[in-house]
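Q: here is a sequence with its predicted model. Questions after.
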Amino acid sequence: MAASLLLTILAALGTMADIEVIPYTPHITELSLEGKITTSTFALETPNCVFDNFANSSDIIWLVVTFSNVTGTFQNPPNPQRIPTYEDLYTTFSYMTMRSTLSQFPCSPGQSRRVLRVGNESVCKNDDGRTNCNSPLPSPGTYRVKFLVMNSTGARAETRWSAPIELRKAQAWQTVDTWPGRRSGDMIVITVILSVLCGVVTVGFLSTVCYECFKFWHHGPPESQEEPSPEPLQASRYNTHHIPPVPPMPPTPPAVDLPVA
């Protein structure tokens, strides 16, 4: 019994001695973006071109997340079946997530804008079938992380541990300062002016609506006026071109008695 235990320990030590240390230290991204560290997540720099000389295309690259005070006692899993899951964080204070391959960390320049956000998956938090769930971190920490390269027989290479990472703490609502005296004078003036303008516009609108309603109910609708009868059609006078009037007929000459022969 003692001999078998000793052999197991020696085998484990031999396995640990064979693990290569990758000269890389994980760290928070240096990109200018909001939310690098939140109350339950943090964004790491993507380790592009880091594992090319230490991993094969069939190897799996894991991210190990632990509380900062247990990194000295963390032991790499001897095989993929012993990988600690997210639920183990509450018992062993560590877990492994972000299951990746060598192809996901290429040396392409365009990949430099990517980040690895730890704690970004909330949908698989209670899914026992997801052994690599990247669930939100439950407390501010502090945490430390490292990358671990594994094949079907165990760990092959690992990076150095990161510096301690502490998450942001949510501020209690009782401690939020709402006193106007803490605000700048310009902000107070702008707020007052906008409030007065909104009040004036609202009062004017309501006054107009009330006035129109009062006129309608007090005077009633306007009476319909009888339509004026159409004027009779008058023909236009037509003047022809100038024609001189006809002269009067001359009078009939008087009768003359002729002498009898």
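A: The structure has been received and is ready for your questions.
Q: how is this protein carved up into domains?
A: Listed by automatic domain parsing, the domain ranges of the chain are 15-169, 181-210.
Q: quick one: T71 from I165, how far?
A: 12 Å (Cβ to Cβ, to the nearest Å). All C-beta spots, glycine's among them, are computed from the backbone N, C-alpha and C.
Q: repeat for I22
A: Counting by Cβ to Cβ, the gap from I22 to I165 is 19 Å.
Q: do F74 as well
A: F74 is 16 Å from I165, by Cβ to Cβ.
Q: which one's more surrounded, those two?
A: I165 (21 against 16; other Cβ atoms under 10 Å).
Q: re the thing from before, tell me the most buried of the domains of the chain?
A: domain 15-169 (a mean of 16; mean count of other Cβ atoms under 10 Å).
Q: how about the residue nearest to L89 when sequence neighbours are not counted, secondary structure?
A: Leaving aside its sequence neighbours, L89 sits nearest to Y95 (Cβ to Cβ, 6 or more residues apart in numbering; 4.8 Å). Following DSSP: H, G, I helix; E, B strand; the rest coil, we place Y95 in the strand state.
Q: wait, what's in contact with Y95?
A: Under the criterion of Cβ atoms under 8 Å, 6 or more residues apart in numbering, the neighbours of Y95 are V64, V65, T66, P84, T85, Y86, E87, D88, L89.
Q: pass me the low-pLDDT residue ranges in the stretch 51-200 of the chain, would you?
A: Scanning the stretch 51-200 of the chain for pLDDT under 70 picks out the ranges 109-112, 125-131, 171-185.
Q: ok, which stretches of it are strands?
A: 60-67, 94-100, 115-118, 143-151, 154-159 (DSSP state E, counting those that start in this stretch).
Q: any chance of TSV for these, columns distance to K36?
A: What follows is the strands of the stretch 51-200 of the chain, written out as TSV (distance: least, Cβ to Cβ, whole Å):
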stretch	distance to K36
strand 60-67	17
strand 94-100	17
strand 115-118	8
strand 143-151	14
strand 154-159	20
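Q: quick one: closest of those strands to V196.
A: Among the strands of the stretch 51-200 of the chain, strand 115-118 comes nearest to V196, with 44.6 Å by Cβ to Cβ.
Q: mind listing the shared neighbours of T71 and I165?
A: Joint contacts of T71 and I165 (Cβ under 8 Å, 6+ apart) are R144.
Q: show me the contacts for the spatially closest residue to V118 that is not a sequence neighbour.
A: Leaving aside its chain neighbours, V118 sits nearest to F42 (5.5 Å; criterion: Cβ to Cβ, 6+ apart). With contact set as Cβ under 8 Å, 6+ apart, F42 has these partners: I28, K36, R117, V118, G119, L137, Y143, I165, L167.
Q: from these, pick the one nearest P80.
A: V118 (20.7 Å).
Q: any idea how far F51 is from the closest one?
A: 18 Å.
Q: again with T66
A: 20 Å.
Q: if I've got this straight, V201 is in a helix?
A: Yes. Assessed with three-state DSSP, V201 lies in a helix.
Q: Y24 in helix, strand or coil?
A: coil.
Q: doesn't C49 make contact with it?
A: No. Applying Cβ atoms under 8 Å as the test, Y24 and C49 come out as separate, 9.7 Å apart.
Q: just the element for the closest residue to S108 other than its chain neighbours, please.
A: Nearest non-adjacent residue to S108, counting by Cβ to Cβ, 6+ apart: N48, 7.4 Å away. Assigned by DSSP states H and E, N48 falls within no helix or strand.
Q: pLDDT at N48, what is it?
A: Looking at N48, its pLDDT reads 92.
Q: try H241
A: 54.
Q: go on, P23?
A: For P23, the model assigns a pLDDT of 95.
Q: cool, H219 as well?
A: So H219 comes in at 67 (pLDDT).
Q: can you give me the helices for the chain?
A: 2-18, 185-219 (DSSP state H).
Q: give me the mean pLDDT for the shortest one.
A: This predicted structure assigns helix 2-18 an average pLDDT of 45.
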